[in-house]
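> Attaching a predicted model along with its sequence, questions to come.
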Amino acid sequence: MGKTRTLRLVWGLVAVFLAVALASGSAALAQGKITIRFAHADPADPYVAQKHAQALTFKALVESESGGRITVEVYPAGQLGGEREYLEAINLGTVEMGVASGAMAGFFPEAMVFDIPYLFSSEAVAWKVLDGPMGEKISALLAEKTNMINLGYGEVGFRHFTNNERPIHTPADMRGLNIRVQETPIYVRLVQSLGASPTPIPWPEVYSALDQGVVDGQENPVSTIDYAKLYEVQRYLTLDGHTFGVDFTVINKRFFNSLSPEDQELLRRAAYTSARVNRGIKALNEALALSKLQQEMEVYAPAPEELAQFRELAQAPVIEWLSTQIDPALIDEVLQAVAEAEASFASGQ
Ligand code: MLT
């Protein structure tokens, strides 16, 4: 066989090999083999961390309902970075999905509308607002303004101050304290308006920042303070419930839009259920954590007149600032939605 014929034969075989490889690749594509990387920064324990409970439920539902055609890889505990880092990746499309709260504001300032201090009077009112037209409006705006789609709201819960210096009964006790906040400008304003100094620190670094005295205090729901063992490095807890943290379940828009309508529906259904698992785990842990923390920390529940001082100092200035960051009509709408949700519980409708 001449050299040219041999070369032709080799190239022919390579071409056949490539054609088979491409064909099997497109067969895999046709069968819709899909991998979703799902990130969060909470511990890999579904019984204490609502984001992990949500991620595992989503994974189980998606994998079983798709017959294993769609794989969900869960990356907990900040394996793909803190909230800001994995949100950046989801917005870029290098990670498909995740659940995040405070850091959302860095990508979508309108998320802060739910962080208005002393906005929600109860968890039930917050859930009604999130599940109603206001929640839908914020999701629609997110899809319009970013490369992310919100597939469901979970909750982080009512947030409270802890510190190592002194009991906080009124805002006057906060003066001079250095408080860790989420990487969210509204929390910076909130803490400033109460007379303390805010320091944004990513969640995975909070325990050691408190342990090393980089900051005097922080703010989080009781179940978060419990599972993160912040009571080991914080002495005083003040139950002021200044904000109700909301978890957004976000997926990259381009990725989601590339899926078939059937797969989009499957993901939406799985996200709907798993976001409710998130809320259920959080609500349960919130209910159970306080009695435990009372053994570990000095806990203070401000009297109504003391709470009024917190609200008076924080709410109006934060709303004024927020009106310069987002469409002020959204603030009126959330206040209206809260009033309607409260009225619906009061009237039993
Ligand atoms: C934070 O303070 O960064 C968050 O509340 C932590 C969390 O999402 O559990």
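That came through, no problem. Numbering: from 1, shown residues only.
> From now on I want contacts and neighbour counts done on CA atoms only, so please keep to that.
OK.
> Can you list the buried residues in stretch 269-278?
For stretch 269-278, burial by neighbour count (16 or more other CA atoms under 10 Å) applies to 269-272, 274-278.
> so of these, which ones are in strands?
Among these, none falls in strands (DSSP state E).
> Could you single out the nearest of those residues to the ligand?
Using CA to the nearest ligand atom, the shortest approach to the ligand within the buried residues of stretch 269-278 belongs to Asn278, at 11.4 Å.
> show me the contacts for that closest one.
50-51, 53-54, 154-155 (CA atoms under 8 Å, 6 or more residues apart in numbering).
> neighbour-wise, which of those leads?
Lys51 (35 neighbours; other CA atoms under 10 Å).
> pLDDT score assigned to the closest residue to the ligand within the stretch 101-250 of the chain?
Closest residue of the stretch 101-250 of the chain to the ligand, CA to the nearest ligand atom: Trp203 (4.1 Å). pLDDT, Trp203: 91.
> Please apply the same query to Glu83.
The predicted local confidence for Glu83 is 95.
> thought it was touching Pro202?
Yes: with contact defined as CA atoms under 8 Å, Glu83 counts as touching Pro202 (7.4 Å).
> Run a quick check on Arg166 versus Tyr236, I expect a contact.
Yes: here Arg166 reaches Tyr236: they are 6.6 Å apart, a contact under CA under 8 Å.
> Between these two, tell me which one has more neighbours.
When neighbours are counted by other CA under 10 Å, Arg166 and Tyr236 differ, and Tyr236 comes out ahead with 20 against 15.
> Looking at the contacts of Asn278, which two lie furthest apart in space?
Ala53 and Glu155 (12.1 Å; CA to CA).
> Now do the phi/psi pair for Asp226.
Note on Asp226: its backbone torsions stand at phi -70, psi -60 [degrees, to the nearest 10].
> Burial check on it, number of neighbours?
Counted with other CA under 10 Å, Asp226 comes out at 21.
> May I ask which helix or strand encompasses the nearest residue to it once chain neighbours are set aside?
Excluding its sequence neighbours, the residue lying closest to Asp226 (CA to CA, 6 or more residues apart in numbering) is Ala289, at 6.3 Å. In the assignment (DSSP states H and E), Ala289 maps to helix 261-296.
> near the ligand, anything from that helix?
No: Helix 261-296 does not reach the ligand (CA under 6 Å from any ligand atom); its nearest approach is 9.9 Å.
> Pull the distance from that helix to the chain's centre.
In terms of CA atoms, centre = their mean, to the nearest Å, the centre of helix 261-296 is found 11 Å from the chain centre.
> Same question for stretch 133-146.
Computed by CA atoms, centre = their mean, the separation of stretch 133-146 from the middle of its chain amounts to 15 Å.
> buried stuff in that stretch?
By neighbour count on 16+ other CA under 10 Å, the buried set for stretch 133-146 is 134-135, 138-139, 142-143.
> now do stretch 256-267
Here stretch 256-267 shows 256, 263, 266-267 as buried, counting by 16+ other CA under 10 Å.
> Distance across it, terminal residue to terminal residue?
Stretch 256-267 stretches 9 Å from its first residue to its last (CA to CA, to the nearest Å).
> Show me how far it is from its chain's centre.
22 Å.
> For it, which outside residues touch it?
62, 65-66.
> now the residue nearest to Thr170 when sequence neighbours are not counted: how far from the ligand?
Spatial nearest neighbour of Thr170, chain neighbours left out: Glu306 (5.6 Å); criterion: CA to CA, 6+ apart. As judged by CA to the nearest ligand atom, to the nearest Å, Glu306 and the ligand stand 24 Å apart.
> Secondary structure of Glu306: a helix, I assume?
Yes: the assignment for Glu306 by DSSP: H, G, I helix; E, B strand; the rest coil puts it in a helix.
> Can you give me the neighbour number for it?
Glu306: 15 neighbours (other CA under 10 Å).
> and the stretch 201-349 of the chain, which residues reach the ligand?
Along the stretch 201-349 of the chain, the residues adjacent to the ligand under the rule CA under 6 Å from any ligand atom are 203, 220, 224.
> Please tell me I have it right and the first one contacts Glu85.
By that I understand Trp203. No: with contact defined as CA under 8 Å, Trp203 does not count as touching Glu85 (11.5 Å).
> residue contacts, the closest residue to Pro221 other than its chain neighbours?
Leaving aside its chain neighbours, Pro221 sits nearest to Arg159 (4.3 Å; criterion: CA to CA, 6+ apart). Residues in contact with Arg159, defined by CA under 8 Å, 6+ apart, are 219-222, 240-245.
> returning to what we had before: in helices, which of the contacts of Asn278 appear?
50-51, 53-54 (DSSP state H).
> Tabulate the residues you listed (JSON lines), appending distance to Glu333 and pLDDT.
Listed next are the ones in helices among the contacts of Asn278 as JSON lines, based on distance: CA to CA, whole Å; pLDDT from 0 to 100:
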{"residue": "Gln50", "distance to Glu333": "28", "pLDDT": "97"}
{"residue": "Lys51", "distance to Glu333": "28", "pLDDT": "98"}
{"residue": "Ala53", "distance to Glu333": "31", "pLDDT": "98"}
{"residue": "Gln54", "distance to Glu333": "29", "pLDDT": "98"}
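> Thank you, goodbye.
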